[in-house]
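>>> whatever this is, show me its structure:
(chains A, B and C)
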Amino acid sequence: MKSHWGQRPSPFLIFFVAIFCGALFFAHSPYAQAQAVDAQTSRITLSLATEPPTLNSAQATDTIANFLLSHLMEGLLRYGQDGSLQGGVAERWELTETGARFWLRKNARWSDGKPVTADDFVFAWRYALKPETASQYAFILYPLRNAEAINRGELPVENLGVRAVGAHELRVEFEKPCPYFLGLTAFMSYMPLREDMVQRWQRAYAADADKLLYNGPYIMSEWIHGASIRLRRNPNYWGRNEVAIAEIDLPYFTADTSAQFNLFRDKRIALASLDSGQLDKAVEQGFDIHQFQTGALFFLEFNFRKGRITANKSFRKALQALLDPSILVNKILGMPGVLPAYSLFPTTVTGPIRSTGEASYFRDQFPVRRVTANLDQARDYLERAKKELGITAFPPLHLLVGDSPRALQEAEYYQYVLKRGLGLELRIDQQIFKQRLEKMRRGDFDIVAAAWGPDYDDIMTFADLFSSWNDNNRGRYNSPHYDALVSQAANTADPKLRFQAMAELQELVVEDVPILPTYESASLYVQHPQLRGVRRSIFGGDPNFRDAWIALPEGKR
Amino acid sequence: MKMSLSYDLFRPYSLSTTYPLAGDGACSGNGPESVELPLAMPSPSLSRSGKLAGVAIVLLLVFVFIGPLVWQQDPSRQWLSQISMGPSASNSARLVDNDSLWQPRGEVQTAVVHSANTEFVRLQWPAVEGVHAYQVFRNFAEQSGLGIPLAVSRVAYYQDELQLAETRYRYTVKAEGSDKVLAEWEVTPEPAMSRFEAQLQGLPEQSGRVILPAHPLGTDALGRDILARLMAGGRTSLMVGLIAPCLFIAFGCLYGALAGIAGGWLDNVAMRVVDFVIALPFLLFMILLRVAFGIGPGEDGVFPLILAMVMMSWTGSARLIRGQVLSLSQQPYVEAARLAGMGRLQIIVRHMLPNVLPMILVSFSFAVPSAIFTEAFLSFIGLGVAPPSTSWGAQCNDGIKTLLSHPQQMLLPAAMISIAVLAFNTLGDALRDAGDSRLRELS
Amino acid sequence: MWTFAFKRLLSGAVTIWFIATATFFAMHAVPGDPLTRDKAMSPAVRAQLEQRYGLDKPLVTQYRLFLGNMLKGDFGISFTQENRRVNDIIREHFPVSAMLGITALLIAFIGAVAAGSIAAQFRGQWPDRLLMMAVVAAISVPGFVIAAVAQLLIVQLNNRLGQPLIPVAGWGGFSHLWVPALVLGLGTMAYLSRLMRASMLEVTNSEYILAARAKGAYGWRLFWSHQLRNALLPVVTELGPAIAALTTGGFVVELIFAIPGLGRYFVQAVQQLDYTVIMGTTVFYGAFLVIMVVAVDIAYGLIDPRIRYSRGR
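Now for the predicted structure:
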């Protein structure tokens, strides 16, 4: 029974070799092992958390796209190295209560050499507001006259309050006073688009590196989906002489902080964010650890719909007296820089301009009243809630959380403290991203762990969050007092009146507890010592390398 | 996760190699008497490693079921003042009033430590003219470098509350933006607990101190006793690992037997269905089904997990049993029994069941580790059981975040998974070898 | 032979249809839909999006449209990667997974044949025991633990050497490939090693080997042209399912080593409820699996004349 199959080439062998060669061919990547920082060629290597869902500036919503677009595109204004607003495509501007005027630089060019004109902005803003574009961020253009009506499809786009006067002047009319409009023009939804490119590629616009045009400090020279992105200095950029770093390589897409940290330790990437798990190791390795406030507020949102226990104020106050944000931050999260939150407004929110002319922080001017944890008080409130609701025992509460490990850890902490401190049963409803959002929208929760990152540099991005008309108010909190304060601030450009209303609002949130702020997030990161001048900021794309440079290594100076 | 694949996806295609006893081993007997042999055989002739594996399984079961009676810590109890600790003995801690709004009285001439305990370390240093902000750093005393940047303080004092342990720290204060060190301390905090936590935990106070329990394996990132959690997690892991195979093998056997007995077109259709299910990519569908079933609030997620596993894994045993039923019904002794007027059910119970039981036993002991792995894999990617329930896989998922700083938080549950899988695999091997006379002769 | 192949392919096609249907309905049973975003959107915008993706139509119509497009080989446009076609996603990322899987399989196969043969040759002696212990260990440790620890060890090694020798993560070149492939293939290697050992023992004790030995075949010649070739047969049978399993099962390795494979995309897609990507990936993998099994069935027949197709399955 001797087998002879070995005498001729096995079909298996041919089969596998064929597949192997095929895979080798397709998976071929030109990426060469680069160093984190290369001073000679002025090149840096970084990792990216995920691939951006889209680079169409009118449709993009996420931080990754924001980061890339802030390098690839430039709006009328941009955030400078010190965090102040500086001229982008616009070289002069003028802001009034009813509108704004921008004069564009003559030397601002697209990557194909054509000048950036006022029409590119008019087209971009109209395009973003058209219902067919289905832009998630359309609301950020609502300060423009008629924008909201256009977005709802009630008016044609031509009625939008923006027009080009010649090729280099742009006139904007407001719906109502918008003292923070200049900051908005640095946001990605306000970036210019070239009509011919958008028309040419239609849905495929910005799907590949060669399917979009650039007017920012960098162009995308390569985009291998799922594998790597490469940015190169834009030779047509008006400020090309200010851009020191010639090339930014992004050959790793990973959201896993330990993988990022390992890459950093291996000198593969120049910047890596840290989680509490890597902190001790980073310290042990002697890395310089940096931190930066991301400006996002994390909070527990209560459900005010009919029949929910959480609609009872005494009950919410009981939780407020029980859950001390400082314990969560210091014991559980263990991330330096993350601050316990006591107010609707994070410490990073800008306040009124001081008499000296410099910007101030809202919280420095208007400190928040702090409720300290007190178990006896919490139990008293709970008893009161019981009486008010006319019940003898509380039913289990549902806490809706996302599926990230940290979200779960927090939820377990709340579950334990509520059980231990008040005898309440908290049921964790952990859902994948889309399902959690759907349940939030439907109001299918008692408490939801949520977060809010500011969209623009003004206190209003937080303030109107819980007004009764805001669709992002998932708990359906409805307070005439709250609404009145928001309207009061929204309809005036007088900073004194605005911030007075906001201070009252801050106190109202502490007193009425529509939400329970938990912490203000921060990002910890390690950075290559030769890489300098990287701007970390809440607005305008983070991190930003436009003004960064590579220093000579220590000792070679 | 990989091996669960090799076992689940491979077995349907490799029946002949994985179960040599199916074809010729057990059925080569020539009368009803010898059929009982394999059932009786395994126990006396189990190899040494098989016996060892049996002992290990018993020990594991004792650990997870009897263990909690001996080690009576609540696995979900969070010791907030003892986060991510190494193994520790019982000790006492001083009660302190925590006040995050602490402010010193007046200014100081030299750098001062006002108090140092594991709840807070209060530092104050002389204010420097012209400095707007101070940067405060903390490091372990034995390490070089500044360590973690705790905060930027605009006043000349700082209270550190960040996960303090009973080790020696070095604090450094610098003016922001300069390299000059303004103050430096080395401090060892004494064990303490805040009054709030003591009240929350319901600990009795004895002259300003409380007694804290021992943690032989340390605590996890939420201050929970790892030993207690390993026991609790093992209950879930082993339960899923044992119940899911029971269910899908039972279902598969029933399905296979019915198909085999029915025969004809019914059998044909039934086997087509089996082919379809086998063709489904296993892990992809486990993930998909798990998400589709979802878990409501408060549910521990064990049921949907088991359901998904049953739906995906029953086919192997269905095929096995059908094949057995078909081949057995042609055996002379079954033929004889039928001629003797025995009913169908009777034939199945008297003659077929004893024949296939050893095989079922073997496939069961191989299905257990693969079920444990599958559960671990799903928990690992966050689609497993929900808290307060826990499992070894979920603990690995928790622990991987702190793999660098506290490797035991992941390696301990991973070791438990490995021991359990190893024991069941070895037992399966031993059972199979015991049933397979030919292999036994070889070795 | 050809009728057999045709029959297998036909049943394969039905199987793929079954997979597609099962996935379609399992997916639509999940509450929520891929259009839900973290910021609230106006009804007009939502209506636009629903229309763009055809979600405004009844489920049955969607199913019919999906089947029609699937027949044309078109899986539509991704919900999360808004401007990309699912076909492009598969075309770009599957080769990565396939490459990883095949390398893993090659490593596993070569390692297993070597280990199995050595263990069989030294049956009961220390090399056998050592190898079988390693095999048992490899089977018993969850893959994600091996992957995480392997990555940690690479970092330690690179640190110790002072220069990066092995890349920690990422994709490009063979240097990125072999550690993840080894980690991925370890379980399969262990499994195949046992198989190889058993099969080798069986062959060694078979009558024809004894006969060959009696005829004067010895040493390498005996091992190479008689024992090895025959012992390989059961191992080779496993390769088809193994390649499918390894190619479709690299999720965790892809996640931990930041490899842009299709598995990583699938996990993301499930979490984002990206209907089109989920459907495309599952159907594609299902088809791949089916084709692998059919290919192995047919090829096996070419190798082993003892198998007659009429018997079928």
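>>> going forward, measure contacts between C-alpha atoms and count neighbours the same way
OK.
>>> got the phi and psi for B:Met342?
Note on B:Met342: its backbone torsions stand at phi -70, psi 140 [degrees, to the nearest 10].
>>> give me the local confidence score for residue 134.
No chain in the question, so chain A it is. For A:Ala134, the pLDDT comes out at 82.
>>> wait, chain C
86.
>>> in space, what's closest to it - neighbours in sequence excluded?
C:Ala190 (7.9 Å; CA to CA, 6 or more residues apart in numbering or on different chains).
>>> just for the chain, where's the confidence low?
In the absence of a named chain, this looks at chain A. Within chain A, the segments meeting pLDDT under 70 span A:1-34, A:357, A:554-557.
>>> meant chain B, my bad for not saying
B:1-45, B:296-298, B:435-443.
>>> need the longest helix for chain B.
In chain B, taking DSSP state H as the definition, the longest helix is helix B:226-262.
>>> so the helix or strand following that helix, near chain C or not?
Later in the chain than helix B:226-262, the nearest helix or strand by DSSP states H and E is helix B:264-279. Yes. Using CA under 8 Å from any CA of the partner chain, helix B:264-279 reaches chain C at B:Asp275, B:Phe276, B:Ala279.
>>> can you give me the buried ones in helix B:264-279?
For helix B:264-279, the neighbour count (16 or more other CA atoms under 10 Å in any protein chain shown) marks B:Asp267, B:Ala270, B:Met271, B:Arg272, B:Val274, B:Asp275, B:Phe276, B:Val277, B:Ile278, B:Ala279 as buried.
>>> quick one: list the elements packing against the helix or strand following that helix.
Where DSSP H and E defines the elements, the next helix or strand beyond helix B:264-279 is helix B:282-293. On a contact count with 3 or more CA pairs under 8 Å, 6 or more residues apart in numbering or on different chains; DSSP states H and E, helix B:282-293 meets helix B:2-10, helix B:302-313, helix C:2-28, helix C:262-272.
>>> save those as JSON lines, and put in mean neighbour count and distance to C:Gly116 too.
What follows is the helices and strands packed on helix B:282-293, written out as JSON lines (neighbours: other CA atoms under 10 Å in any protein chain shown; distance: least, CA to CA, whole Å):
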{"stretch": "helix B:2-10", "mean neighbour count": "25", "distance to C:Gly116": "17"}
{"stretch": "helix B:302-313", "mean neighbour count": "21", "distance to C:Gly116": "29"}
{"stretch": "helix C:2-28", "mean neighbour count": "17", "distance to C:Gly116": "32"}
{"stretch": "helix C:262-272", "mean neighbour count": "22", "distance to C:Gly116": "30"}
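>>> A:Tyr477: which of those helices is closest?
Set against A:Tyr477 and scored by CA to CA, those come closest in helix C:262-272, at 27.8 Å.
>>> after the closest one comes which helix or strand?
Next in sequence after helix C:262-272, counting helices and strands by DSSP H and E, comes helix C:275-303.
>>> find the nearest non-adjacent residue to the one residue in the stretch 1-150 of chain C that gets nearest to chain A, please.
Going by CA to the nearest CA, chain A is nearest to C:Gln81 of the stretch 1-150 of chain C, at 4.2 Å. Here the nearest residue to C:Gln81 in space, its sequence neighbours aside, is A:Pro53; by CA to CA, 6+ apart that works out to 4.2 Å.
>>> please, which helix or strand holds the residue of the stretch 1-150 of chain A found nearest chain B?
Here the stretch 1-150 of chain A gets closest to chain B at one residue, A:Asp82, 14.1 Å apart by CA to the nearest CA. In the assignment (DSSP H and E), A:Asp82 maps to no helix and no strand.
>>> ok, it to B:Ile249 distance?
The gap separating A:Asp82 from B:Ile249 is 67 Å, by CA to CA, to the nearest Å.
>>> now swap in C:Gln121 and tell me
Separation of C:Gln121 from B:Ile249 (CA to CA) stands at 37 Å.
>>> mind showing which ranges of the stretch 151-300 of chain C have poor pLDDT?
Residue ranges of the stretch 151-300 of chain C with pLDDT under 70: C:163-165, C:170, C:172-173, C:216-221, C:224-225, C:296, C:299-300.
>>> report the central residue of chain A.
The centroid of chain A falls nearest to A:Thr63 when counting by CA atoms, centre = their mean (4.7 Å).
>>> closest approach to chain C from chain A, which residue is it?
Closest residue of chain A to chain C, CA to the nearest CA: A:Pro53 (4.2 Å).
>>> ok, how many other residues are close to that residue?
20 (other CA atoms under 10 Å in any protein chain shown).
>>> which of the three states applies to it?
State at A:Pro53, reduced to three classes by DSSP: H, G, I helix; E, B strand; the rest coil: coil.
>>> residues from chain C in reach of chain B?
C:15, C:18-19, C:23, C:26-27, C:29-30, C:136-137, C:139-145, C:148, C:184, C:187-188, C:191, C:195, C:201, C:234, C:238, C:241-242, C:245-246, C:248-250, C:266, C:270, C:282, C:285-286, C:289-290.
>>> let's see 7 Å
Applying CA under 7 Å from any CA of the partner chain, we find that chain C lies next to chain B at C:15, C:18-19, C:26-27, C:29-30, C:136, C:139-145, C:184, C:187-188, C:241-242, C:245, C:249, C:285-286, C:289-290.
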